[in-house]
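Enquirer: Fold the stuff below for me.
(one chain, ligands or ions: 2)
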Amino acid sequence: MRKLLVEGGTRLRGQVRVSGAKNSAVALLPAAILADSPVTIEGLPNISDVGILSDLLSEIGGKVEKDGRTIKIDPSHMISMPLPNGKVKKLRASYYFMGAMLGRFNKAVIGLPGGCHLGPRPIDQHIKGFEALGAEVTNEQGAIYLRAEELRGARIYLDVVSVGATINIMLAAVRAKGKTVIENAAKEPEIIDVATLLTSMGAKIKGAGTDVIRIEGVDQLSGCLHTIIPDRIEAGTYTIMAAAQGEEMIIDNVIPQHLESLLAKLREMGVTIEENDEQLYVKPGNALRSVDIKTLVYPGFPTDLQQPFTSLLTKAEGTGVVTDSIYQARFKHIDELRRMNASIKVEGGAAIVSGPSTLEGAKVKATDLRAGAALVIAGLMAKGVTEITGVEHIERGYENITNKLVELGAKVWYEEMSEEEVEQFQNS
Ligand SMILES: CC(=O)N[C@H]1[C@@H](OP(=O)(O)OP(=O)(O)OC[C@H]2O[C@@H](n3ccc(=O)[nH]c3=O)[C@H](O)[C@@H]2O)O[C@H](CO)[C@@H](O)[C@@H]1O
Ligand SMILES: C=C(OP(=O)(O)O)C(=O)O
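Expert: Ligands and ions are numbered 1, 2, ... in the order given. Next comes the predicted model:
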């Protein structure tokens, strides 16, 4: 087991290239199940979530060929094999096997998903959608059993705006008989990316990226070639890092429109950001001013950048109030930041950050993916060395984070944990 060490204080400069979007990749891969000939996806990020989903596609009989960032999935010999346990528990997006297998085989057995622990993460809206399409859904000992005689299009109003439910219902509906309308759909760019792939496969989808998505079911979908969008959350994380500890940094392979809410907040803090079609040039201000943030569904401030942004606020002058309206309990990073001398209190469901604080290196634990990113940012700003355990969370979503940071001049490296440290980590 490894830990990540960050020696703070070095200013970052240069260019960092953003990888393909995790939250697209994890839906595009299961979407390939719906085709009857090979689907090729280019630009995949090299992260553990992608590795696990590729393995799951092989487990159900897919022929998966990887060549660097390109993957070719031949789904012709796939079967609806039950996946009640094992790898499905290691990530959130295994739930997309429900929609995709239901769409292709009219049946699926998939274990309840894992993913970051951010408080309750129900999937009732996914199930409501599958049932509306005609599936019978039961939960037996932690696995979801789905079965339909035939899927039929339906009008589905989501009670909660959900990325996962929107995509899952799209996956199940593209081969259903007749028309499906998803109302109060999520509008995240990853939903458009998945709809683009499905459309290239022959699906008929209108309105992806708005809150009403209309799908006309088709009998058959075929293979195609698709290039994934850049990861707006990874891009946002490096942009926050640039504001926190950069001298001058270029973030390459970005769609700036995907990050408008973050860029607006950074500019409010005094950060200079220039943008062109696919790059951001970030020059931090001399003294950052605190701001308040509240996470919302897209195009609001993304919950996945709340934790990294909280670290940045420790450097700003004044008081910043952080509210997460998507995951009210997404505050596990706060205790760890406090260990590093941050002045943050959680009150009435909000984190109140008083700054500026001089952070100090400490032994801390990444409890989830973006908490990990928050700690890396804090470590880069801190005096001394920060030791971060729980790196497997970080590796779910950040490709080659150490290499990318070293290229920017940061002092970061992995070390093996001692037996005693492993024991302490496992008991904590
Ligand atoms: C793999 C993936 O894409 N993960 C992202 C996805 O997660 P995920 O798709 O799981 O998140 P959702 O958009 O579904 O969740 C949004 C909110 O709706 C609630 N909810 C969701 C579904 C449901 O059936 N019932 C329900 O109540 C959730 O508890 C949460 O409060 O969107 C989240 C919100 O942008 C991001 O943090 C995750 O990075
Ligand atoms: C919460 C996240 O991921 P997941 O939904 O895959 O757990 C995230 O990417 O920040």
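Enquirer: Distance check, the residue in the stretch 301-428 of the chain that ligand 2 sits nearest to against ligand 1.
Expert: Ligand 2 sits closest to Asp304 of the stretch 301-428 of the chain, with a gap of 3.9 Å, by C-beta to the nearest ligand atom. C-beta: built from backbone N, CA, C; applies to glycine. The gap separating Asp304 from ligand 1 is 5 Å, by C-beta to the nearest ligand atom, to the nearest Å.
Enquirer: Let me see the backbone angles for that residue.
Expert: Dihedral angles of Asp304 (phi, psi; degrees, to the nearest 10) stand at phi -70, psi -10.
Enquirer: Helix, strand or coil: sort out the residue lying closest to it once chain neighbours are set aside for me.
Expert: Nearest residue to Asp304, sequence neighbours excluded (C-beta to C-beta, 6 or more residues apart in numbering): Ile233, at 4.5 Å. Three-state assignment for Ile233 (DSSP: H, G, I helix; E, B strand; the rest coil): helix.
Enquirer: For Ile233, give me its contacts.
Expert: Contacts for Ile233 (C-beta atoms under 8 Å, 6 or more residues apart in numbering) come out as Ala21, Lys22, Asn23, Pro302, Asp304, Leu305, Arg370, Gly397.
Enquirer: was I right about the first one contacting Pro230?
Expert: Yes: the pair Ala21 and Pro230 passes the contact test of C-beta atoms under 8 Å, sitting 6.3 Å apart.
Enquirer: Give me the more crowded residue out of the two.
Expert: For Ala21 versus Pro230, neighbours defined as other C-beta atoms under 10 Å are more numerous around Ala21 (28 against 22).
Enquirer: just to revisit the earlier point, quick one: pLDDT of the residue of the stretch 301-428 of the chain closest to ligand 2?
Expert: For Asp304, the pLDDT comes out at 98.
Enquirer: returning to what we had before: can you tell me which of the contacts of Ile233 comes closest to His226?
Expert: Nearest to His226 out of those is Ala21 (C-beta to C-beta; 12.2 Å).
Enquirer: And the closest one, its phi and psi?
Expert: phi -70, psi 120.
Enquirer: Could you check how far it is from ligand 1?
Expert: From Ala21 to ligand 1 the distance is 9 Å (C-beta to the nearest ligand atom).
Enquirer: Thr295 now?
Expert: For Thr295, the distance to ligand 1 - C-beta to the nearest ligand atom - is 8 Å.
Enquirer: From ligand 1, how far out is Tyr398?
Expert: 13 Å.
Enquirer: That residue contacts Gly236, doesn't it?
Expert: No: using C-beta under 8 Å, Tyr398 is not in contact with Gly236; the gap is 11.8 Å.
Enquirer: Can you tell me which residues in this protein are near ligand 2?
Expert: Residues of the chain lying close to ligand 2 by C-beta under 6 Å from any ligand atom are Lys22, Leu91, Arg92, Ala93, Gly115, Cys116, Asp304, Leu369, Arg370, Gly397.
Enquirer: Leaving out the residues flanking it, which one is nearest to the second one?
Expert: Take Leu91 and drop its neighbours on the chain: the residue closest to it by C-beta to C-beta, 6+ apart is Asp49, 4.9 Å away.
Enquirer: Domain map for this structure?
Expert: Residue ranges for the domains of the chain, per automatic domain parsing: 2-19+230-427, 22-227.
Enquirer: How far does the first one stretch from one end to the other?
Expert: Across its full length, domain 2-19+230-427 reaches 16 Å between end residues, using C-alpha to C-alpha, to the nearest Å.
Enquirer: do the same with stretch 375-386
Expert: So stretch 375-386: terminal residues 8 Å apart, C-alpha to C-alpha.
Enquirer: Show me the residues of the chain next to ligand 2 that map onto helices.
Expert: Lys22, Leu369, Arg370 (DSSP state H).
Enquirer: Leaving aside the residues adjacent along the chain, what's closest to the last one?
Expert: Which is Arg370. Gln307 (4.2 Å).
Enquirer: From the contacts of Ile233, list the buried ones, please.
Expert: Ala21, Lys22, Asn23, Pro302, Asp304, Leu305, Arg370, Gly397 (16 or more other C-beta atoms under 10 Å).
Enquirer: Give me the distance between the second one and Pro45.
Expert: As judged by C-beta to C-beta, to the nearest Å, Lys22 and Pro45 stand 6 Å apart.
Enquirer: Check the contact lists of those two and give me the overlap.
Expert: With C-beta under 8 Å, 6+ apart, Lys22 and Pro45 have common neighbours Asp231, Glu234.
Enquirer: OK, contacts around Val194?
Expert: So Val194 contacts Ser24, Ala27, Leu28, Ala31, Ile167, Met170, Leu171, Ala208 (C-beta under 8 Å, 6+ apart).
Enquirer: Kindly recompute the last result at 7 Å.
Expert: By C-beta atoms under 7 Å, 6 or more residues apart in numbering, the contact set of Val194 is Ser24, Ala27, Leu28, Ala31, Ile167, Met170.
Enquirer: Find the nearest non-adjacent residue to Asp219, please.
Expert: Arg175 (7.0 Å).
Enquirer: Same check on Gln220?
Expert: Closest to Gln220 by C-beta to C-beta, 6+ apart is Asp36, at 6.1 Å.
Enquirer: so which residue of this protein comes closest to ligand 2?
Expert: Gly115 (2.9 Å).
Enquirer: returning to what we had before: looking at it, the residue nearest to Arg370 is touching Ala371, isn't it?
Expert: Yes: contact status for Gln307 versus Ala371: in contact at 5.3 Å, counting by C-beta atoms under 7 Å.
Enquirer: for the residue lying farthest from the centre of the chain, phi and psi?
Expert: The centre of the chain is farthest from one residue, Glu149, which by C-alpha atoms, centre = their mean lies 33.6 Å away. When read as degrees, to the nearest 10, the backbone of Glu149 gives phi -70, psi -50.
Enquirer: about what we covered before: which stretch of helix or strand covers the residue nearest to Arg370?
Expert: Gln307 belongs to helix 306-313 when elements are defined using DSSP states H and E.
Enquirer: which outside residues touch that helix?
Expert: Looking at helix 306-313 with C-beta under 7 Å, 6+ apart, the contacting residues turn out to be 237, 240, 243-244, 290, 293, 295, 320, 322, 324, 330, 333, 337, 351, 353, 355, 370-371, 373-374, 377-378.
Enquirer: try 8 Å
Expert: With C-beta under 8 Å, 6+ apart, helix 306-313 has contacts from 236-237, 240-241, 243-244, 262, 265, 269, 288, 290-291, 293, 295, 301, 320, 322, 324, 330, 333-334, 337, 342, 344, 351, 353, 355, 370-371, 373-375, 377-378, 381.
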